[in-house]
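**Q** sharing a model that was predicted from the sequence below.
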Amino acid sequence: MNKIAEIASTFFAYLKRPDLYPELRRKIWKNIFNRSSGLRGKEEAEKWCASLAISEKDFIEKVLSLTFIPFEKIFPQEFADALQIQAKAPVKLGGAGSLSVIYYINEFTNAQKSIETGVAYGWSSFAALASLVHRNGTLYSSDMPYLLQNQSEDFVGCVIPEKYKNNWDLYRFADKESLPKIFSKADSFDVVHYDSDKSYDGRIWAYNLLLTKVRKGGIFMSDDIGDNAAFKDFCEKRNLKPYVVEFDGKYAGVIIKD
């Protein structure tokens, strides 16, 4: 599909979904007036991340003071089943992030209420829920519909084991519509994991809002913080102490809220 055809298809897909009109207006504005937001400060951010980066193992053992066992080794059968489900999926969605970090930050906080933005196949959801279900906790998830991919709705969260789904509350809107709905259910969270709008401005808006919803001693995590300088600038402006975790050549940022 060429670019013009893709834009046209996206526009008409949005027109069929009145509930997504607010996000359509935002996308039109962003693509006309703010196209560079996604990579703003990328080079600076990558250098900053590299200077602070620690491994998953070091973060889990030295910062969280927990014994590190890779997530896939704690849940080998569920992980193998999830890989098979993804391999058979006829649509391409986002891949897995740092599953071990996601699992252990929920363990560290004894989480009962967690929130994530961005679901795709549901790898991060799987990792969070693997911890939450032991305390009968709830994962609240916000995920924008994949409008151009046929059947994609059927595969959002598909790798999450069925036995975990009673503890999962999914909202299929853009974050600016999903989050108020989630906050009407719960106003404070043990863990927040951000992995949706990757633009600089989108991140800054979400970071400022979501950090206020993290309880004292809770954890805020953002994926792909080397893509632009949003996480770096956010931490510096608010005088926050970040931990930068490197995995698979990417960086995640973690803040333990004082």
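**A** Now that the structure is in, tell me what you want to look at. Worth saying up front: this structure is predicted, and the values here are computed from it rather than measured.

**Q** now do the helices in the stretch 51-200 of the chain.
**A** Counting by DSSP state H, counting those that start in this stretch, the stretch 51-200 of the chain has these helices, from start to end: 56-58, 71-74, 76-88, 99-108, 123-132, 175-183, 200-211.

**Q** make a markdown table from the ones you listed and add mean neighbour count and mean pLDDT to it.
**A** (C-beta placed from N, C-alpha, C; glycine too.) Formatted as a markdown table, those follow (neighbours: other Cβ atoms under 10 Å; pLDDT from 0 to 100):
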| stretch | mean neighbour count | mean pLDDT |
| --- | --- | --- |
| helix 56-58 | 16 | 98 |
| helix 71-74 | 16 | 98 |
| helix 76-88 | 14 | 96 |
| helix 99-108 | 24 | 98 |
| helix 123-132 | 27 | 98 |
| helix 175-183 | 17 | 94 |
| helix 200-211 | 19 | 96 |
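
**Q** out of those, nearest to residue 246?
**A** Among the helices of the stretch 51-200 of the chain, helix 56-58 comes nearest to residue 246, with 8.0 Å by Cβ to Cβ.

**Q** how far is that closest one from where the chain is centred?
**A** Its chain's C-alpha centre and that of helix 56-58 lie 20 Å apart, by Cα atoms, centre = their mean, to the nearest Å.

**Q** over to stretch 201-215?
**A** With Cα atoms, centre = their mean, you get 12 Å for stretch 201-215.

**Q** and for stretch 47-64?
**A** Computed by Cα atoms, centre = their mean, the chain-centroid distance of stretch 47-64 equals 19 Å.

**Q** list the buried ones in it?
**A** Neighbour-count burial for stretch 47-64 flags 48, 49, 52, 53, 56, 59, 60, 63, 64 (criterion: 16 or more other Cβ atoms under 10 Å).

**Q** wait, is the second one part of a strand?
**A** No: applying DSSP: H, G, I helix; E, B strand; the rest coil, one finds residue 49 to be helix, outside a strand.

**Q** before we move on, back to that, what would the helices of the stretch 51-200 of the chain look like in a markdown table with distance to residue 257?
**A** As requested, these are exported to a markdown table (distance: least, Cβ to Cβ, whole Å):
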| stretch | distance to residue 257 |
| --- | --- |
| helix 56-58 | 21 |
| helix 71-74 | 23 |
| helix 76-88 | 30 |
| helix 99-108 | 12 |
| helix 123-132 | 17 |
| helix 175-183 | 17 |
| helix 200-211 | 7 |
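
**Q** of all those helices, which one is nearest residue 166?
**A** So among the helices of the stretch 51-200 of the chain, helix 123-132 is nearest, using Cβ to Cβ, at 9.7 Å.

**Q** still on that earlier bit, can you list the buried residues of stretch 47-64 in a markdown table and add distance to residue 183?
**A** A markdown table is the format used below for the buried residues of stretch 47-64 (distance: Cβ to Cβ, whole Å):
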| residue | distance to residue 183 |
| --- | --- |
| 48 | 31 |
| 49 | 30 |
| 52 | 31 |
| 53 | 32 |
| 56 | 30 |
| 59 | 28 |
| 60 | 29 |
| 63 | 28 |
| 64 | 27 |
